[in-house]
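Visitor: Turn this into a structure:
(one chain, ligands or ions: 1)
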Amino acid sequence: MKVILSTSNPNKVREIFEIIDLDIEWVVKKIEVEEDGETFEENAIKKAKAAYDLYGPAVADDSGLEIYALDNFPGVKSARFMEGVDYSVKNAKILEMMKDLKADERGARFSCVAVYYDEKPHVFKGVIEGKIAFEAHGKNGFGYDPIFIPYGYEKSMAELSREEKNKISHRAKAFRKLSEFLSEM
Ligand code: IMP
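Guide: Below you'll find the model as predicted:
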């Protein structure tokens, strides 16, 4: 079976291939879609449908960080917040925005919605709860990982090994469900 994986983020491609282990011929395509939905689900469906309309059965995802004390910012705008600027600067900006918030006011979560589109969308969701650190730590992972401490851990997501992150992450949870669905087709 051939399936399009529609994403322009090489870090996501790496993680998705580490998570999914199926006998599928994946074709990675960068398809420009305006991510103007109000939810991760809307954007993920839009991306997957755009790929399906061009090439046939396709997978896409949308994901991001939601900080409760900041009204779920950056949310669906996670990729576009200070676009073009290095994540070390974006992360420093978020830490600055949160400098007066105490440990119990720093709750946050990462969400991922993965969609397999074949005539209609099949939607799979994953969430990891945690909190925003007081300082950035770690070099693994990507994006906001250095400032996110998963619930039950004392390390940031960027201090976890790839294997550890892929056991607990929002993307792992969503894509394991998608993988199970594809394996039963
Ligand atoms: P998307 O390509 O529209 O899904 O963009 C998601 C954005 O959310 C990324 O560019 C990152 O800024 C952030 N993000 C999503 N997942 C992760 C993760 O696993 N670690 C760190 N940042 C993430």
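
Visitor: Just the buried residues of stretch 153-173, please?
Guide: Residues of stretch 153-173 classed as buried: 156-160, 165-166, 168-173 (neighbour count, 16 or more other C-beta atoms under 10 Å). C-beta: built from backbone N, CA, C; applies to glycine.

Visitor: and Glu180, how many residues sit next to it?
Guide: 11 (other C-beta atoms under 10 Å).

Visitor: any idea of the mean pLDDT for the host helix or strand of it?
Guide: Glu180 is part of helix 170-183 when elements are defined by DSSP states H and E. Helix 170-183 carries an average pLDDT of 96.

Visitor: what helices or strands is that helix leaning on?
Guide: If you count contacts as 3 or more C-beta pairs under 8 Å, 6 or more residues apart in numbering; DSSP states H and E, helix 170-183 packs onto helix 10-19, strand 58-67, strand 107-118, strand 120-132.

Visitor: Let me know the angle separating the last one from strand 58-67.
Guide: Just to be clear, that refers to strand 120-132. 30 degrees (axes from the mean of the first three to the mean of the last three C-alpha atoms, to 10 degrees).

Visitor: and after strand 120-132, which helix or strand comes next?
Guide: Later in the chain than strand 120-132, the nearest helix or strand by DSSP H and E is strand 148-150.

Visitor: Please tell me how far that next one is from the chain's geometric centre.
Guide: Taking the mean of its C-alpha atoms, strand 148-150 sits 14 Å from the chain's own mean (C-alpha atoms, centre = their mean, to the nearest Å).
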